[in-house]
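Novice: Sequence below, structure please.
(one chain, ligands or ions: 2)
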Amino acid sequence: MAPPERSLVRLLAGWLPRQRWFGGKHRPIDGLSIGTATVLRPGDPALHHLVLDVGQSGVTDRYQVLLGVRRDLPERLRPGEIGRVAAAGGGVEHVYDAACDPELTGPLLAHMADEDALGPVRFRHAPGAELRTGLEAAPSPAEQSNTSLIFGDAYICKLFRRLAPGVNPDLEINLALSRQGCAHVPAVHGWMELEPGPGDGGEPATLALLSEYLRTGTDGWQLALTSVRDWFAQPAAPGAEPGAGAVLTAGDAGTAGGDFAAEAERLGAATAQVHHDLAAAFGVTEVPADELRSRVADMNDQLSQVSEAVPDLRPYTAAIRDVFARCAANARPLPFQRVHGDYHLGQAMRTGTGWVLLDFEGEPARTPRERRALGHPLRDVAGMLRSFEYAARFLQSGEGGDEPPAAAAAVEQRARAWAERNRAAFCRGYAAAGGPDPVAHAGLLRALELDKAVYEVRYEARNRPSWLPVPLRTLDRLAG
Ligand SMILES: Nc1ncnc2c1ncn2[C@@H]1O[C@H](COP(=O)(O)OP(=O)(O)O)[C@@H](O)[C@H]1O
Ligand SMILES: O=P(O)(O)O[C@H]1O[C@H](CO)[C@@H](O[C@H]2O[C@H](CO)[C@@H](O)[C@H](O)[C@H]2O)[C@H](O)[C@H]1O
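Specialist: Ligands and ions are numbered 1, 2, ... in the order given. Below you'll find the predicted structure:
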């Protein structure tokens, strides 16, 4: 690529907001500059590693991009094209998203095996790990906040897109849990990091995490949706009129072909085990009641911000505030610890040997400090309970579509029965394996679930507006 890079910056400013992983889609980009640019592979095709400083509403975020540069762009790479720039020796070159080019991403593995350092980009492997190199990488088709590359059937490498200073909690927690001998996380094989610049506090920022690829795994979200589909395909109970009350119950949801409850219970147990190991690795702090009250104040702040931004939330805000107020009024000292922080069915994979938990990065919209903050483990339980609600309601059409009210009520009743059965099973498994009993902490759990639902309203409004009805649909009951 030829300097100056002004035309590249312009191209990137147009391309970024169209990327699933770009966290600032809801705000215009006020300024974009290239923080670091490192050639990881010269020639044609070339691989450039860029850290971009993206200014939006007075805040600057750092994003990582891998750019491929070629004189001729083969058809298969066209979907990733970002644009054309002037070439150093005259003429033009194509710039594209290198994540879709195995010729460029394959060598990342060899760099990790050799622990290379190229400019500020350092490659590391886990202590004692002997990496298999020469594997072809393909971008993962998963719906995700970052970009993952799958190397053969051996490794998955997650390229963190929005960078935060210091070690990423996903790497930090996976390494710590592996050291504890935790069976519910994938093995860490390597990572990439960026040398700290001035003002980074001397700690390298994690750029990528290379983990064991769980080739026998199916993600919990897909498994749950299969079960929900089966459940919705069941004929109505004999004599039942569509919409008639009390026809289908949580117990009936267990008679459907693909019952998920046993898996939900095992997932609850795995979650409790991971919480136990997190406590062993990072410790537990008994926080005073005031700390919980201060967290509730943060929950109220988030509620105000989201209802300001998303008017559909406003009808529920008063009821949500009441639940938060009751939680604050009943506050007492609680044991806080490191938790997952963004726990849902897509963060758990069912493998041949049991459930494995993924992605300990925390919620993408939170600051690095918030992501690392200690919390009550029921926060994760609340996240997963929300996910059962999501799965149950995912197949419901739009806002009820053109269905007559009675049919819509019957559908809602089925969704509720599936969610109730699996929520209860998960909580049972969690408590039986030693986690704090969700039933005994009902007020706290309800407040945490509502807080998560408010977060989801903002997440969906920003990232997937067509999904917004999903969290809204559950607020009526949860806040009532
Ligand atoms: N170790 C793994 N083995 C197999 N698939 C994985 C693994 N880690 C993640 N995945 C798949 O990739 C998806 C996204 O991973 P995740 O870590 O949640 O990424 P993100 O933080 O970008 O959302 C998961 O839902 C799962 O389907
Ligand atoms: O990308 P991440 O996995 O880090 O998490 C973000 O995206 C999730 C969606 O991909 C989002 O989860 C919400 O949708 C799920 C269904 O797709 C559902 O199971 C979750 O319960 C619901 O919160 C998550 O909130 C967000 O942080």
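
Novice: what residues are up against the residue of the stretch 201-350 of the chain found nearest ligand 1?
Specialist: For the stretch 201-350 of the chain, the residue closest to ligand 1 is L214, as judged by C-beta to the nearest ligand atom, at 3.5 Å. Where you see a C-beta, it was placed from the backbone N, CA and C, and this is true even at glycine. By C-beta atoms under 8 Å, 6 or more residues apart in numbering, the contact list for L214 reads P186, M349, T351, V356.

Novice: Please name the bridge partners of the second one.
Specialist: Under the criterion DSSP bridges, M349 forms beta bridges with D219, V356.

Novice: what residues does the protein put near ligand 1?
Specialist: Residues of the chain found near ligand 1 (C-beta under 6 Å from any ligand atom) are 140, 142, 144-146, 148, 156, 158, 186, 211-214, 217, 219, 346-347, 358-359, 361.

Novice: Just the buried positions in the longest helix along the chain, please.
Specialist: What stands out as the longest helix in the chain, according to DSSP state H, is helix 405-432. Using 16 or more other C-beta atoms under 10 Å as the test for burial, helix 405-432 gives 408-431.

Novice: Closest one of the contacts of L214 to G202?
Specialist: Closest to G202 out of those is P186 (29.1 Å), distances taken as C-beta to C-beta.

Novice: Look up phi and psi at the closest one.
Specialist: Here is the backbone geometry of P186 (degrees, to the nearest 10): phi -70, psi 150.

Novice: For the residue in the stretch 151-300 of the chain positioned nearest to ligand 2, which residues are in contact?
Specialist: Nearest residue of the stretch 151-300 of the chain to ligand 2 (C-beta to the nearest ligand atom) works out as W221 at 5.6 Å. By C-beta under 8 Å, 6+ apart, the residues touching W221 are H344, L345, G346, S387, A391.

Novice: And for I173, the neighbour number?
Specialist: I173 sits with 29 neighbouring residues when counted by other C-beta atoms under 10 Å.

Novice: residues contacting the closest residue to it other than its chain neighbours?
Specialist: Nearest non-adjacent residue to I173, counting by C-beta to C-beta, 6 or more residues apart in numbering: F360, 3.9 Å away. F360 is in contact with P169, D170, E172, I173, N174, H340, G341, counting by C-beta under 8 Å, 6+ apart.

Novice: is it true that the fifth one touches P186?
Specialist: Yes: the pair formed by N174 and P186 meets the contact definition of C-beta atoms under 8 Å, at 7.3 Å.

Novice: which of the contacts of F360 lies closest to ligand 1?
Specialist: Closest approach to ligand 1 among the contacts of F360 (C-beta to the nearest ligand atom): D170, at 7.0 Å.

Novice: check contacts around that closest one.
Specialist: D170 sits in contact with K158, F160, T206, L209, D359, F360, E361, where contact means C-beta under 8 Å, 6+ apart.

Novice: how about those in CSV, adding distance to ligand 2 and secondary structure?
Specialist: Below are the contacts of D170 laid out as CSV (distance: C-beta to the nearest ligand atom, whole Å; DSSP: H, G, I helix; E, B strand; the rest coil):
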residue, distance to ligand 2, secondary structure
K158, 11, strand
F160, 11, coil
T206, 15, strand
L209, 13, strand
D359, 6, coil
F360, 10, coil
E361, 6, coil
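
Novice: buried subset of these?
Specialist: Buried members of the contacts of D170, counted by 16+ other C-beta under 10 Å: K158, F160, T206, L209, D359, F360, E361.

Novice: Spell out which two among the residues you listed are the most distant pair, please.
Specialist: So, the buried ones among the contacts of D170 by C-beta to C-beta: farthest apart are T206 and D359, at 13.4 Å.

Novice: A98 and ligand 1: what is the separation?
Specialist: In this view, A98 and ligand 1 are 17 Å apart by C-beta to the nearest ligand atom, to the nearest Å.

Novice: swap in S33?
Specialist: 25 Å.

Novice: Am I right that that residue is in contact with R10?
Specialist: No: counting by C-beta under 8 Å, S33 does not reach R10; the two are 11.9 Å apart.

Novice: For the residue nearest to V92 when sequence neighbours are not counted, which residues are in contact?
Specialist: Leaving aside its sequence neighbours, V92 sits nearest to R84 (C-beta to C-beta, 6+ apart; 4.5 Å). Counting by C-beta under 8 Å, 6+ apart, R84 makes contact with V92, E93, H94, V95.

Novice: tell me the secondary structure for L67?
Specialist: Three-state call for L67 (DSSP: H, G, I helix; E, B strand; the rest coil): strand.

Novice: ok, back up a step: out of N174 and P186, name the residue with the larger neighbour count.
Specialist: When N174 and P186 are compared for neighbours, N174 comes out ahead with 24 against 21, by other C-beta under 10 Å.

Novice: Now do the more buried one, the pLDDT please.
Specialist: Per-residue pLDDT puts N174 at 97.

Novice: All good on my end, thank you.
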